[in-house]
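Colleague: Curious how this folds, go ahead:
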Amino acid sequence: MDPTKFPVHFDGKNYDIKRFLRDHPGGVNTLKKYKGKSIEQAMSAYGHSTSAYHMLNDFEVKDVNLTGKVSANGRIITKEESSRNAEEIAMLEELEARLDWSKPIVSQLDAIAPHYEMWVNSAVYRRCRLFQSPILESMTFTPWYLVPVFWIPIIMYLLARNFLEHVACGDSCTDPLNPIQFLGHMVMGVCIWSAVEYSLHRWVFHLDPGSSITMIKLHFLIHGLHHKMPFDGLRQVFPPIPALILAGILYIPFWMWIPYPEVKFVGGLMGYLTYDMIHYYVHHGSPRDGSYLYVMKRYHSNHHFVNHDKAFGITSKVWDLVFQTYVKVKKLGFSLQW
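Modeller: Below you'll find the model as predicted:
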């Protein structure tokens with residue numbers, strides 16, 4: 001069998017899921033035995049979401065011998081089964097047919113506005129163009145490594161400056177701290193960021209845009225595109241310049257009301273950098289069973305493909321437990337591999 005392809009069959013149609021193997025939330029090892037076989041019973045047995053059936057069409061191969069191209073348009077309508085909502089999948093097909101994915105998507109969102117929430121939470125395995133302007137479009141792509149390259153020097157500078165000002169300042173100190181106190185303020189900053197991370201994700205990124213076309217477009221640009229195209233690695237991390245602006249805004253209450261604001265802010269920036277790197281890794285990394293990142297990868301996959309209104313924590317489940325949005329992920333009798 002051709003090693004460059006991974007053919008499977010479903011509902012009388014043929015698919016090549018080779019490029020999806022490492023992104024499959026259930027791991028590569030759970031798919032291996034289905035190469036060249038039907039996946040219909042497996043999808044039903046393992047409780048796949050409507051979004052999974054919806055995404056499957058991105059891998060359809062029209063050629064019976066699996067040598068044709070993957071279809072870029074259209075949606076499948078599957079036969080009625082207890083494990084699938086055929087009417088909902090048909091509705092998603094109709095919504096996708098309203099859009100031309102070869103053209104900028106943002107300007108077309110009014111076509112699906114009445115059903116935006118349903119559409120945006122039904123993932124596809126493709127990339128899209130957001131804007132007509134090449135310059136504006138290029139600003140929407142951010143390779144993951146630009147985030148640490150941008151933020152680490154800033155963090156190191158602020159850390160060194162504040163350490164010299166508050167700890168290693170000798171008799172010239174105006175607001176002295178011992179090393180333990182200095183570290184305590186930084187840890188407090190990390191904790192504050194943890195609460196901010198949850199709050200932004202739940203109450204800003206998942207804010208219901210209603211029927212306003214402007215709010216729908218804004219929501220799609222901020223977070224909606226990530227749910228629609230969760231495997232687009234170039235739009236997975238927060239672009240540095242918008243992040244810098246947001247950091248400046250969030251620093252204002254630190255500066256006005258909190259003692260040693262810059263020290264705590266350094267801790268907050270460390271927390272943010274950790275969050276952005278973990279978020280990228282749980283989407284594209286290969287953590288091993290038993291590790292913390294393995295647990296968080298499965299937890300975040302649940303948020304994307306099952307419970308869109310729960311499991312908001314990326315680096316921690318603490319605030320999900322506090323605000324009762326925690327999701328218990330099903331235990332497996334085997335390890336997933338990506």
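Colleague: what comes up buried for the longest helix anywhere in the chain?
Modeller: Counting by DSSP state H, the longest helix found in the chain is helix 261-284. Buried residues in helix 261-284, counted by 16 or more other C-beta atoms under 10 Å: 261-283. (C-beta placed from N, C-alpha, C; glycine too.)
Colleague: how about the helices in the stretch 101-250 of the chain?
Modeller: 116-120, 134-138, 146-166, 179-199, 213-219, 225-228, 240-257 (DSSP state H, counting those that start in this stretch).
Colleague: Let's have those helices in TSV, adding mean neighbour count, distance to H304 and mean pLDDT.
Modeller: What follows is these, written out as TSV (neighbours: other C-beta atoms under 10 Å; distance: least, C-beta to C-beta, whole Å; pLDDT from 0 to 100):
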stretch	mean neighbour count	distance to H304	mean pLDDT
helix 116-120	20	12	94
helix 134-138	10	24	94
helix 146-166	15	20	97
helix 179-199	17	16	96
helix 213-219	17	16	97
helix 225-228	20	7	96
helix 240-257	13	22	88
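Colleague: Which one, of those, ends up nearest to F323?
Modeller: helix 179-199 (7.5 Å; C-beta to C-beta).
Colleague: which residues are in contact with that closest one?
Modeller: Residues outside helix 179-199 that contact it (C-beta atoms under 8 Å, 6 or more residues apart in numbering) are 162-163, 166-167, 177, 250, 259-260, 263-272, 275, 312-316, 318-320, 323.
Colleague: Report the residue ranges of every domain in this protein.
Modeller: 7-97, 136-322 (automatic domain parsing).
Colleague: What separation do you get for the closest residue to F163 other than its chain neighbours and R126?
Modeller: Excluding the flanking residues, the one nearest F163 by C-beta to C-beta, 6 or more residues apart in numbering is F182, at 6.6 Å. To R126, F182 is 48 Å away according to C-beta to C-beta, to the nearest Å.
Colleague: just I216 next, same as before
Modeller: I216 is 20 Å from R126, by C-beta to C-beta.
Colleague: helix, strand or coil for Y15?
Modeller: strand (DSSP: H, G, I helix; E, B strand; the rest coil).
Colleague: Identify the residues contacting the nearest residue to it once chain neighbours are set aside.
Modeller: Once flanking residues are discounted, Y15 sits nearest to F59: 4.4 Å by C-beta to C-beta, 6+ apart. If you count contacts by C-beta under 8 Å, 6+ apart, F59 has them with Y15, D16, I17, R19, F20, V70, Y125.
Colleague: Would you mind checking which of those residues the model is least sure about?
Modeller: pLDDT is lowest at V70 among the contacts of F59; the value there is 34.
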